[in-house]
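Asks: fold the following for me, if possible:
(2 chains)
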Amino acid sequence: MKRLDVLLRSCWHEFRAGAGNGIVSFTFIGLTAYLALSLTSAEYMQTLGATDVPRNGASVIYLMVTGFMFFLFFAWAWIFAQPILRDRNASLHEAVLTTPVNLKILLLGRFLGACLLGILLGSSVLFGFFVAPILETVGWMPAGSFSSTPWGQVGFS
Amino acid sequence: MGQRVDESGLKISGLRKTYRGGVQALNGVDLTIESGMYGLLGPNGAGKSTLMRTLATLQSPDEGYMTMDSVDILAEPNRHRQNLGYLPQHIGAYPGISARNLLHRFAWLKGFADTVARNYEVDRLLEKVNLVEAAHRKVATYSGGMMRRFGIALALIGSPRLVIVDEPTAGLDPEERNRFHRVLSDVATYAVVLLSTHIVEDIENLCRELAVIQQGKIVVDGSTKDLIAQWTGRLWTKTIPHGEQIPQGSLHLSARPDGTRMVLEGEAKPDDGFEAHRPTLEDVYYLALRNAGQGTA
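Replies: Modelled structure (predicted):
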């Protein structure tokens, strides 16, 4: 079997297994909702004098991302443990280890799949700021709360 | 290590393994299995699992060499794995995955890259273990017997030449046990099947040859029939009623509704209370352990 085939397929299996797990989707939705909640509850900032700061301003993005890191740290730890733990939890590790597949390539593929999942979770910040203007449209935030999306800062975050 | 032997079957020579902490799990195991089903008996901690895990390339020995159909297992583990089926004592499944999909995944790991060939192999195995109708069901919902049959299907992907099964019928009801035996017996027509179990009756029924392992050494091996036959006329039995003192020197004791049945070995009948006992593999097992220095009665 070709190594690239093993790499790509194990990467895809890992991504699919992770994405199909409730923890990843729950964390993604949870973080996005948390962002929306923070942005819709920021009137006190204006009371404090931050009248010219848009809710998707660069500093707000950096602040939120820093806060997200606390949750993402635990989610990523779970995601990156799965390539090893999934087989063991399912009592299939011995069956996998007795197949003639190159173990290093198999694990590399799985960790690449886990990386994609990690990026997907991390992109909840990007996704959140991308959909946040909808909150303004539906009237959950005062008009003019958002400026044009600072893509550079969002991307860097 | 690294030697080649141009013969078919499994050959093990001088296998030694000592775990950290000084436990000597294998102490110079030599074994030759040419074909068919081979039984491996031994008490807990005798080294059976270590031997099987070593043959399955899950761990390395400290010394010795092993070949399967002339393939040096230690030097070419991946080549050996192409022809290896291993069914561990505990096997499960990924949550939410059907038997067919899981078999597909393992068939792919075994080298069935072509979809048509993989489909054919998966269908063949589901048919063999009688799981066609339950193939779409999640494996996690299977009963114990179905899980064991699914496990043997996993082990048989690619029609391996060496199949290692560890305690395969533990916890199965008689019907499932018999069904599982028929599958194993069929596999033994074209492969070497190494069967490790505590159920002596299983080995007596299924295996033409066996070995008894004790403290990392093979203490007895050979034809099941011959090993049993050599004790004919040398075993005696008596049932001791409840409450009576059990005499010393028994080979093994077993509970009976009216008391305790003792079996002992001797050239002549000890007294009139005893009667001749037709030897069984269980007796051979106890005799092997006793002669190796660990009587259990």
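Asks: where's B:L26 relative to chain A, distance?
Replies: 18 Å (CB to the nearest CB, to the nearest Å). (C-beta placed from N, C-alpha, C; glycine too.)
Asks: got it, and B:D173?
Replies: For B:D173 relative to chain A (CB to the nearest CB), the value is 21 Å.
Asks: does A:G152 lie in a helix or a strand, and which?
Replies: Using DSSP states H and E, A:G152 falls within helix A:151-156.
Asks: with just CA atoms, put that helix into CSV.
Replies: The C-alpha coordinates for helix A:151-156 follow below in CSV (Å, rounded to 0.1, in the frame of the first residue of the first chain):
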residue,chain,number,x,y,z
TRP,A,151,-9.6,40.5,8.2
GLY,A,152,-5.9,40.9,8.9
GLN,A,153,-6.4,40.8,12.7
VAL,A,154,-9.0,38.0,12.5
GLY,A,155,-6.7,35.9,10.3
PHE,A,156,-3.7,36.5,12.5
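Asks: thought B:L102 was touching B:A135, still the case?
Replies: No - B:A135 is beyond contact range of B:L102, at 10.0 Å (criterion: CB atoms under 8 Å).
Asks: any idea how far the helix or strand bottoming out on mean pLDDT in chain A is from the middle of the chain?
Replies: Using mean pLDDT, DSSP states H and E, helix A:43-47 stands out as the lowest-scoring helix or strand of chain A, at a mean of 71. Distance, stretch centre to chain centre, for helix A:43-47: 29 Å (CA atoms, centre = their mean, to the nearest Å).
Asks: pLDDT below threshold where in chain A?
Replies: A:1, A:42, A:45, A:49-51, A:53, A:144-145 (pLDDT under 70).
Asks: residues from it in reach of chain B?
Replies: Contact residues (CB under 8 Å from any CB of the partner chain) of chain A with chain B: A:1-2, A:5, A:9, A:13, A:17, A:20, A:86, A:89-92, A:94-102.
Asks: mind giving me the ChimeraX select for those, buried ones only?
Replies: Remark: buried members of the residues of chain A next to chain B, expressed as a ChimeraX selection using 16 or more other CB atoms under 10 Å in any protein chain shown:
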select /A:1,9,13,17,86,90,91,92,94,95,96,97,98,99,100,101
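Asks: so which of the residues of chain A next to chain B belong to strands?
Replies: Per DSSP state E, strands hold no members of the residues of chain A next to chain B.
Asks: can you give me the helices in chain B?
Replies: Per DSSP state H, chain B carries helices over the ranges B:48-55, B:77-82, B:99-109, B:115-128, B:144-155, B:174-187, B:200-206, B:224-229, B:281-291.
Asks: mean pLDDT added to those helices, as JSON lines?
Replies: As requested, the helices of chain B are exported to JSON lines (pLDDT from 0 to 100):
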{"stretch": "helix B:48-55", "mean pLDDT": "94"}
{"stretch": "helix B:77-82", "mean pLDDT": "94"}
{"stretch": "helix B:99-109", "mean pLDDT": "94"}
{"stretch": "helix B:115-128", "mean pLDDT": "94"}
{"stretch": "helix B:144-155", "mean pLDDT": "90"}
{"stretch": "helix B:174-187", "mean pLDDT": "88"}
{"stretch": "helix B:200-206", "mean pLDDT": "90"}
{"stretch": "helix B:224-229", "mean pLDDT": "93"}
{"stretch": "helix B:281-291", "mean pLDDT": "91"}
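Asks: got those as JSON lines, with mean neighbour count columns?
Replies: JSON lines is the format used below for these (neighbours: other CB atoms under 10 Å in any protein chain shown):
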{"stretch": "helix B:48-55", "mean neighbour count": "23"}
{"stretch": "helix B:77-82", "mean neighbour count": "18"}
{"stretch": "helix B:99-109", "mean neighbour count": "21"}
{"stretch": "helix B:115-128", "mean neighbour count": "16"}
{"stretch": "helix B:144-155", "mean neighbour count": "23"}
{"stretch": "helix B:174-187", "mean neighbour count": "16"}
{"stretch": "helix B:200-206", "mean neighbour count": "19"}
{"stretch": "helix B:224-229", "mean neighbour count": "15"}
{"stretch": "helix B:281-291", "mean neighbour count": "21"}
